[in-house]
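Asker: turn this into a model:
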Amino acid sequence: MNIYNVKCLCLIALFFTAGCQNPSRIVSKPAVLKPTVSNEILNEIVQANHPQSKIHVANGMVRQVPMGYYREPDVGTLRLGKDNCFYIELDNGIKVLPVLISEYSSPENLSFSYTKALGKKVMGYYRKDAIDLTSTAFNESNIGWVTLPPHLQCDISRVHQYRSLELYRRKGEHEGHLTDDSEYNSQLSNPKSEGKLSYIGVYNYAHVYEDDDFYIATHGLVSEGVFFTEKDCLYIRFKDGKIALPIFRTQRTFWQDTKNTLRASGRDFHLGETYFFAMMPSTGELFSGPQIITPPHSSCNAKQVRYVHNIYEPAEFKKKEAEYKTEEYGAKITAERKEMYEARRKALVKEEYEARKKAEVNRNR
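Answerer: Purely as a prediction, here's the structure:
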């Protein structure tokens with residue numbers, strides 16, 4: 001089967017189920033509502049989640065740290081609606097449509113894992129200051145959707161956004177995450193695991209707060225460099241000569257073979273041109289976890305990786321830097337705000353450390 005046919009199959013699969021799956025194992029159910037997104041958007045979602053380009057590009061979601069969330073989690077029973085969408089019937093009687101904003105798993109695994117939890121108590125921390133995802137106009141055009149937007153199929157009258165969902169547990173009990181890739185993969189060869197692909201939405205903010213990227217960039221966590229490719233892998237060569245494999249935490253990121261450019265957050269970036277890369281502090285090691293959408297290809301050199309949150313044109317960066325230094329903008333960054341960013345930075349470093357330790361334990365088993 002050639003690449004063109006594969007792309008067509010993936011587009012058809014996304015059209016109906018918000019994922020590209022093996023048709024011999026999983027039977028999809030058509031969406032209730034006619035999709036109103038363009039073929040271009042469908043193609044972008046396919047490329048970002050099931051890349052078929054000649055250049056390998058790794059991407060993922062931003063870890064949303066536990067600030068801006070209600071202190072007590074939502075608790076309710078997981079249900080599947082007639083529209084084939086997952087909902088949570090909260091203990092207070094309200095039905096909500098869950099959207100994940102800090103955890104990615106394939107649509108197949110999400111459907112498999114959440115179907116297993118139907119009728120069980122689940123819990124998740126609801127982000128209270130997030131943008132409204134119930135707007136049809138927003139859903140049709142916004143590049144933050146990792147899956148197809150839910151308005152195509154689901155009831156979006158009440159949407160709650162969660163870092164992740166897990167089985168209900170009392171305080172002090174061990175976490176019980178709903179998604180388990182290893183268990184899903186082991187079930188693929190079992191005919192009993194065949195079934196309809198149900199839907200839960202995934203949205204990538206690509207930042208924690210609106211001015212997040214530039215705050216990071218102006219606090220010493222920015223580097224000037226250029227993109228280059230080697231053996232079908234995309235790398236960054238920084239001004240000091242160091243080379244790193246980028247893992248992009250930008251929105252809907254993929255390589256465009258026809259243009260020979262990187263597509264990230266709705267913009268094109270070219271090989272050999274100078275950019276400023278806003279990045280989080282990192283040990284340079286590769287971490288695995290629920291935020292990774294497309295991991296680095298096995299043929300790429302992942303000895304030194306950097307997690308890129310934003311890419312700036314030189315003129316754009318200088319303009320933002322000048323604006324940031326004005327008294328008006330500086331007044332917005334109060335001591336409390338700075339303290340909050342520092343707390344978030346420490347939380348991110350701690351999460352990366354815990355992920356590394358967990359990976360080491362798994363390797364030694």
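
Asker: switch to C-alpha atoms for all contacts and neighbour counts from now on
Answerer: OK.

Asker: I'd say residue 308 and residue 277 touch.
Answerer: Yes - Residue 308 lies in contact with residue 277 (Cα atoms under 8 Å); the separation is 6.4 Å.

Asker: so which of the two has more stuff around it?
Answerer: Higher neighbour count among residue 308 and residue 277: residue 277, with 26 against 22, using other Cα atoms under 10 Å.

Asker: so for the more buried one, what's the nearest residue that isn't a sequence neighbour?
Answerer: residue 311 (4.8 Å; Cα to Cα, 6 or more residues apart in numbering).

Asker: ditto for residue 44
Answerer: residue 252 (7.0 Å).

Asker: how close does that neighbour get to residue 103?
Answerer: Per Cα to Cα, to the nearest Å, residue 252 is found 15 Å from residue 103.

Asker: more neighbours, those two?
Answerer: residue 252 (28 against 24).

Asker: ok, then the element right after the helix-or-strand element of the chain with minimal mean pLDDT?
Answerer: The weakest-scoring helix or strand in the chain, judged by mean pLDDT, DSSP states H and E, is helix 3-17 (a mean of 40). Using DSSP states H and E, the helix or strand that directly follows helix 3-17 along the chain is helix 39-49.

Asker: contacts for the following helix or strand past that following helix next, please.
Answerer: Once the chain leaves helix 39-49, the next helix or strand it forms, by DSSP H and E, is strand 58-60. With contacts defined as Cα atoms under 8 Å, 6 or more residues apart in numbering, strand 58-60 is touched by 246-250, 253, 291-297.

Asker: what of stretch 230-242?
Answerer: 54-57, 223-229, 243-246, 297, 299-300.

Asker: of the residues you listed, which belong to strands?
Answerer: Among the contacts of stretch 230-242, the members found in strands (DSSP state E) are 223-229, 243-246.

Asker: let me have those in TSV, extended by pLDDT.
Answerer: Formatted as TSV, the ones in strands among the contacts of stretch 230-242 follow (pLDDT from 0 to 100):
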residue	pLDDT
223	89
224	94
225	96
226	98
227	98
228	97
229	97
243	94
244	93
245	94
246	94
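
Asker: from those residues, list the buried ones, please.
Answerer: By neighbour count, with 16 or more other Cα atoms under 10 Å, those hold 223-228, 243-246 as buried.

Asker: which among those residues gets closest to residue 197?
Answerer: Checking those against residue 197 by Cα to Cα gives residue 246 as the nearest, at 32.0 Å.

Asker: just checking, the closest one touches residue 306?
Answerer: Yes - look at residue 246 against residue 306 with Cα under 8 Å: they come within range, at 5.0 Å.

Asker: low-confidence stretches in the chain?
Answerer: 1-37, 64-71, 128-131, 170-195, 207-220, 281-288, 325-356, 358-359, 362-363, 365 (pLDDT under 70).

Asker: all helices for it, in order.
Answerer: Under the criterion DSSP state H, the chain carries helices at the ranges 3-17, 39-49, 107-116, 136-141, 181-187, 212-217, 314-324, 327-332, 335-364.

Asker: which other helices and strands contact the second one?
Answerer: Helices and strands in packing contact with helix 39-49 are listed as helix 3-17, strand 254-256, strand 292-294; criterion 3 or more Cα pairs under 8 Å, 6 or more residues apart in numbering; DSSP states H and E.

Asker: just the buried residues of stretch 141-159, please?
Answerer: Neighbour-count burial for stretch 141-159 [16+ other Cα under 10 Å]: 143-156, 159.

Asker: what segments of the stretch 51-200 of the chain are strands?
Answerer: 58-60, 74-80, 86-90, 95-100, 121-124, 159-162, 166-167 (DSSP state E, counting those that start in this stretch).

Asker: please identify the most buried of those.
Answerer: strand 58-60 (a mean of 26; mean count of other Cα atoms under 10 Å).

Asker: is residue 243 in a bridge, and if so with what?
Answerer: residue 237 (DSSP bridges).

Asker: what residues are up against it?
Answerer: By Cα under 8 Å, 6+ apart, residue 243 lies in contact with 235-237, 304.

Asker: out of these, which are buried?
Answerer: The buried subset of the contacts of residue 243 (16+ other Cα under 10 Å) comprises 235-237.

Asker: so for residue 203, which of the strands of the stretch 51-200 of the chain sits nearest?
Answerer: strand 95-100 (6.2 Å).

Asker: got the angle for the closest one vs strand 74-80?
Answerer: Using axes from the mean of the first three to the mean of the last three Cα atoms, to 10 degrees, the inter-axis angle of strand 95-100 relative to strand 74-80 is 90 degrees.

Asker: other SSEs contacting strand 95-100?
Answerer: Judged by 3+ Cα pairs under 8 Å, 6+ apart, strand 95-100 is in contact with strand 86-90, strand 159-162, strand 201-202.

Asker: mind redoing it with 10 Å?
Answerer: strand 74-80, strand 86-90, strand 159-162, strand 201-202 (3 or more Cα pairs under 10 Å, 6 or more residues apart in numbering; DSSP states H and E).
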